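J.: With the input below, show me the fold.
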Amino acid sequence: MQDEIEVDVAEMEVANAPTRLISLGIGSCIVITLYDPALRIGALAHTMLPDSTKCSQSNNPFKYADLAVVEMIKRLEGMGCRKQDLEANLIGRANMFPHIPTLGVKETGEEDCMAVKKKLREEGIELTGEAIGGNSGRSVEFDTSTGTVTIKKIKI
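T.: So this is what the prediction gives:
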């Protein structure tokens, strides 16, 4: 039987197979998965904000997309993974309030997505899949046995 670990907003978990990492109710946030297919070890982070340098100090790196990627890599490397073997997926960035005008300001979710993709490129990690945008929330299940990411859309 597989273990399940739920990952809430501004949290991150790392697990070996056979564990499923689950994040529920993803709206404009970004969920990042990193996976080493050879070792069958994965990490899932549920980030809220794109860039830690634009916000007041926080002792929680998982609030911020730029810091979360770095911390995920560090923890995975601590379990024997090599950065160049990791594969990434991005889920989220829904516009949960499409009827409210943004007045030309980018959505936080869009900034999250750009920040994560930039950080992944800088770290040399391949983005193997993404399910971003739209107007529906999502829930994610990440199976560390296979690397499979299952996404369920939530209509409000």
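J.: what residues are up against L86?
T.: Contact analysis of L86 by Cβ atoms under 8 Å, 6 or more residues apart in numbering lists 34-36, 73, 76, 125-126. (C-beta placed from N, C-alpha, C; glycine too.)
J.: Hmm, I typed the wrong one, I wanted I125.
T.: 34, 69, 73, 83, 86-88 are the contacts of I125 under Cβ under 8 Å, 6+ apart.
J.: pLDDT below threshold where in this structure?
T.: 1, 56-57, 97-112, 156 (pLDDT under 70).
J.: Find the residue closest to the spatially most central residue of it in space, skipping its chain neighbours.
T.: Residue closest to the average C-alpha location in the chain (Cα atoms, centre = their mean): I32, at 1.6 Å. Counting by Cβ to Cβ, 6 or more residues apart in numbering, I32 lies nearest to A45, which is 4.8 Å off, once chain neighbours are set aside.
J.: Next, count neighbours for that neighbour.
T.: 30 (other Cβ atoms under 10 Å).
J.: next one: S139
T.: Quick note: S139 (other Cβ under 10 Å) scores 16 neighbours.
J.: re the thing from before, could you list everything the residue nearest to the centre of the chain pairs with in the sheet?
T.: Beta-bridge partners for I32, by DSSP bridges, are A45, L90.
J.: if we can go back for a sec, which residues touch the residue nearest to I32?
T.: By Cβ under 8 Å, 6+ apart, the neighbours of A45 are 7, 11-12, 31-32, 62, 68-69, 71-72.
J.: same thing with I5?
T.: So I5 contacts 13, 15, 19-22 (Cβ under 8 Å, 6+ apart).
J.: cool, R75 as well?
T.: 12, 14, 43.
J.: Would you confirm that the last one contacts N16?
T.: No: because the distance of 10.9 Å does not satisfy Cβ atoms under 8 Å, A43 is recorded as not touching N16.
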